[in-house]
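*Asks:* Next input, structure requested:
(2 chains)
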Amino acid sequence: MPMDPVILFFVLGVAAGLMRSELRLPAPVYEFVSMILLLAIGLKGGIELARQPAGQVFPQIVAVAIMGVSLTLLAYPLLKGLGRFSRIDAAAIAAHYGSVSVGTFAVAAAYLSYRQIAFEQHMPLFVVVLEIPAIIVGIVLAKGVARRDGWGTMLHEVLCGKSMVLLVGGLLVGWAAGDDGIAPIKPLFFDMFKGVLALFLLEMGLIAASHVSGLLRQGLFLACFGIVMPLLGGVVGTGFAWAMGLSLGGSVLLATMAASASYIAAPAAFRLVVPEAKPAYSLAASLGVTFPFNIVLGIPVYHWMAETAQVMKGTWG
Amino acid sequence: MKPIEGAAKLVSIITESVVESPLLKEIESLGIEGYTVADVRGRGVRGRRSGSWDASASIRVDVVCSELQAPILAERVKARFGQGYALFVFVCDAWVPG
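*Replies:* Here you go, the predicted structure:
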């Protein structure tokens, strides 16, 4: 099967960045493109949520929140013990990996539709849920519970950050309007989704390339962590998907979410609340290694993990 | 408050976009009501800030205030945001026509 064209746009961005081309997406265009992605993902989830009884989804929400906390607590000792990072930097990087990348989720959803694999359409709800707990746990690990100052700022930043407002807003609009209500705005949000995703990935490629030099300075451990941690996350995500009884497509998406590292919500929250944490570390790992790894190699690996889990479930169940 | 006229100071603060709202609150807490915020990009001791996306976005806040307020504002901003954030503050003479 040929490579999904959106991935080729990412490769183009990385190549242009490494060649030091002057290409850059103007900041307002990047803002606009990421707004459309977040709203489209929210709207899709909201439409589906309108069809679901709330009682059925609630236990899954709790499970996904527990997954976010466990991923952060898994990454933290690795970074602090093996990587010899300071407590604050280890906590910051761990929070990035416990949280989720919406861009990676969008690529995984596009990967599944490209291969015509169905998935639970309310998965975007889990993106919202997974975004929050890791950031809170990370900040507690960095600063301790005792320090009261900064909590208000942190909660405000986490709950009212733009990615949160757009995702939750999209979910609510989709839920309130339903499938028929959304029909008139479908051309912008759904029909153009792949094109917008291609532009977004072009810019992400440029950004990823700009973090490569930072990565070379930070050393080998961070580069290895950026590949090993998503694979561990993929296994954890596949396990949770199994326990939650998700379909094959749903399992690929949940594993991808667990494997992905935040680069919008977590960096913003940490910059504001824990400015001592060096963003160079977490962004070099999440954007320089994990994001490219996930979209090019990781997602097919999580697809394989999900298939293996389904086969095992078939054999044992 | 009466608008400033005549001799004044221009305080320019170049920093990370992420601190925009606490920074503006700090400015307002000194009783300064006017400022101009611009999205900017450039290079400093912390490396290049391309401004193309959230984590690399910078702002410049220009404040024209009295000669008395300027050093207080500059010191306060340095004390609060100087540690941990990319920050550059400079003050120069200004003159506001009456």
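*Asks:* Low-confidence stretches in the chain?
*Replies:* Using chain A. Applying pLDDT under 70 to chain A flags residues A:1-2, A:145-150, A:315-317.
*Asks:* actually chain B
*Replies:* By pLDDT under 70, the low-scoring segments of chain B are B:1-2.
*Asks:* in it, which spans are strands?
*Replies:* Using DSSP state E, the strands of chain B run over B:6-16, B:36-40, B:42-44, B:47-49, B:58-65, B:87-96.
*Asks:* Turn those strands into TSV, columns for distance to chain A and mean neighbour count.
*Replies:* Any C-beta I mention is one placed from the backbone N, CA and C, and that applies to glycine too. Converted to TSV, the strands of chain B look like this (distance: least, CB to the nearest CB, whole Å; neighbours: other CB atoms under 10 Å in any protein chain shown):
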stretch	distance to chain A	mean neighbour count
strand B:6-16	7	19
strand B:36-40	7	12
strand B:42-44	13	11
strand B:47-49	8	14
strand B:58-65	11	19
strand B:87-96	11	14
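*Asks:* Spell out which parts of chain A neighbour chain B.
*Replies:* Within chain A, the positions near chain B by CB under 8 Å from any CB of the partner chain are A:24-27, A:30, A:153, A:203, A:206-207, A:210, A:263-264, A:267-268, A:271-272, A:275-276, A:279, A:283.
*Asks:* Quick check: closest non-adjacent residue to A:His211.
*Replies:* Distances taken as CB to CB, 6 or more residues apart in numbering or on different chains put A:Gly288 closest to A:His211, at 3.6 Å, once the chain neighbours are dropped.
*Asks:* quick one: contacts for the one you found?
*Replies:* With contacts defined as CB atoms under 8 Å, 6 or more residues apart in numbering or on different chains, A:Gly288 is in contact with A:Ala208, A:His211, A:Val212, A:Gly214, A:Leu215, A:Ala223, A:Gly226.
*Asks:* Smallest gap between chain B and chain A, at which residue?
*Replies:* With CB to the nearest CB, the shortest gap between chain B and chain A falls at B:Gly84, namely 2.9 Å.
*Asks:* Just the element for A:Phe23, please.
*Replies:* One thing to correct before we go on: residue A:23 is Leu, not Phe. Take DSSP states H and E as the rule and A:Leu23 turns out to sit in neither a helix nor a strand.
*Asks:* Please apply the same query to the one 10 residues further on.
*Replies:* With elements taken from DSSP H and E, the one containing A:Val33 is helix A:27-49.
*Asks:* Packing partners of the helix or strand following that helix?
*Replies:* Next helix or strand after helix A:27-49 toward the C-terminus (DSSP H and E): helix A:54-77. Judged by 3 or more CB pairs under 8 Å, 6 or more residues apart in numbering or on different chains; DSSP states H and E, helix A:54-77 is in contact with helix A:87-98, helix A:123-143, helix A:220-244, helix A:248-259.
*Asks:* For A:Pro77, the count of nearby residues, please.
*Replies:* Using other CB atoms under 10 Å in any protein chain shown, A:Pro77 has 12 neighbouring residues.
*Asks:* do A:Gly239 as well
*Replies:* Neighbour count for A:Gly239, taken as other CB under 10 Å: 17.
*Asks:* Please apply the same query to the one 5 residues further on.
*Replies:* Other residues within reach of A:Met244 by the criterion other CB under 10 Å amount to 17.
*Asks:* Likewise for A:Ala255?
*Replies:* 31.
*Asks:* Am I right that A:Gly68 is in contact with A:Val128?
*Replies:* No: between A:Gly68 and A:Val128 there is no contact under CB atoms under 8 Å: 11.1 Å.
*Asks:* More neighbours: which of these two?
*Replies:* A:Gly68 (26 against 21).
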